[in-house]
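Undergrad: structure, please.
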Amino acid sequence: MADESWRVPSIVQELAATVHEPPSRYLIPEQDRRDDQLAGAEMPDPVPTIDLQRLLASDSADEEATKLRSA
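TA: The predicted structure follows:
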């Protein structure tokens, strides 16, 4: 049988049912890991929530437009 290690499951449920550990291609070797670096650490501020309906309202459009520009 041919090597099917490259095959990606078609649905998440299939992956969850058959895989107990992440495939090695997704693991970072111990010597390459950096404890001081976390995923998402580069993001300086959270992305604001924009209420599109408030963008159309005359009394709150400026505030929402400011949040939209900052995003």
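Undergrad: for the least confident helix or strand in the chain by mean pLDDT, packing partners?
TA: Here the helix or strand of the chain ranked lowest by mean pLDDT, DSSP states H and E is helix 12-18, holding a mean of 75. In terms of contacts (3 or more CB pairs under 8 Å, 6 or more residues apart in numbering; DSSP states H and E), helix 12-18 is not packed against any helix or strand. (Glycine included, C-beta is placed from N, CA and C.)
Undergrad: check which element follows that helix along the chain.
TA: Note on helix 12-18: by DSSP states H and E, the next helix or strand toward the C-terminus is helix 52-56.
Undergrad: just the C-alpha atoms of that next one, please, in PDB.
TA: Output of helix 52-56 as PDB, limited to C-alpha atoms (Å, rounded to 0.1, in the frame of the first residue of the first chain):
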ATOM      1  CA  LEU A  52     -22.300  48.200  11.100                       C
ATOM      2  CA  GLN A  53     -25.700  49.400  12.000                       C
ATOM      3  CA  ARG A  54     -24.200  52.100  14.200                       C
ATOM      4  CA  LEU A  55     -22.100  53.200  11.200                       C
ATOM      5  CA  LEU A  56     -25.400  54.200   9.500                       C
END
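Undergrad: show residues contacting it.
TA: Helix 52-56 is contacted by residues S60, A61, E63, E64, A65, L68 when judged by CB atoms under 8 Å, 6 or more residues apart in numbering.
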